[in-house]
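In: Need a 3D model of the sequence below.
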Amino acid sequence: MKKVAIPIANKKISEYLCGCSHFAYYDMESKNTTISESAVIDFTNADEIRLWIKNNGITDIILHRIRKELIGIFTSEKINLFVGVPMVSAGQIIEAYRCGKLESDKNIITEIIN
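Out: Now for the predicted structure:
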């Protein structure tokens, strides 16, 4: 199963994970999108992040920006990260993802890793 998590704030992708109000989850097999009730996750706690990944069956995370420290946690859990995605609605992001047209922004990636 492949499940994508998208952090949402103000009806579009959140700039950072920590700034989101909830998550949109897209299941590639069922083609269903669900919205979480809230985003009560402590993204400074690696154990809590790993538990969130496991409990939600997440395989991919689509983000605009990410703190450099979090990249190692997600890669150790074999999570695919799409970084630098435009701050648009979850529906637009999911459609681009489904069509194979979602790409990470190399400028934002360079900014994060440097």
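
In: host element of the closest residue to residue 90 other than its chain neighbours?
Out: In this structure, residue 90 finds its nearest non-sequential neighbour in residue 24, 3.9 Å apart by Cβ to Cβ, 6 or more residues apart in numbering. (Each C-beta comes from the backbone N, C-alpha and C, glycine too.) Using DSSP states H and E, residue 24 maps to strand 22-27.

In: then that strand to PDB, C-alphas only?
Out: Only the C-alpha atoms of strand 22-27 are listed here, as PDB (Å, rounded to 0.1, in the frame of the first residue of the first chain):
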ATOM      1  CA  HIS A  22      -4.000  18.900   9.900                       C
ATOM      2  CA  PHE A  23      -3.000  16.400   7.200                       C
ATOM      3  CA  ALA A  24      -4.600  15.200   4.000                       C
ATOM      4  CA  TYR A  25      -3.800  11.500   3.400                       C
ATOM      5  CA  TYR A  26      -4.100  10.000  -0.100                       C
ATOM      6  CA  ASP A  27      -4.300   6.300  -0.500                       C
END
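
In: what sits up against the helix or strand just after it?
Out: Heading C-terminal from strand 22-27, the first helix or strand you meet, by DSSP H and E, is strand 32-35. Residues from elsewhere that reach strand 32-35, judged by Cβ atoms under 8 Å, 6 or more residues apart in numbering: 8, 22-27, 90-91, 94.

In: Alpha carbons of strand 32-35, as CSV, please.
Out: Provided in CSV are the C-alpha atoms of strand 32-35 (Å, rounded to 0.1, in the frame of the first residue of the first chain):
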residue,chain,number,x,y,z
ASN,A,32,-9.4,8.0,-1.4
THR,A,33,-8.4,11.1,0.3
THR,A,34,-9.0,11.5,4.1
ILE,A,35,-8.4,14.6,6.2
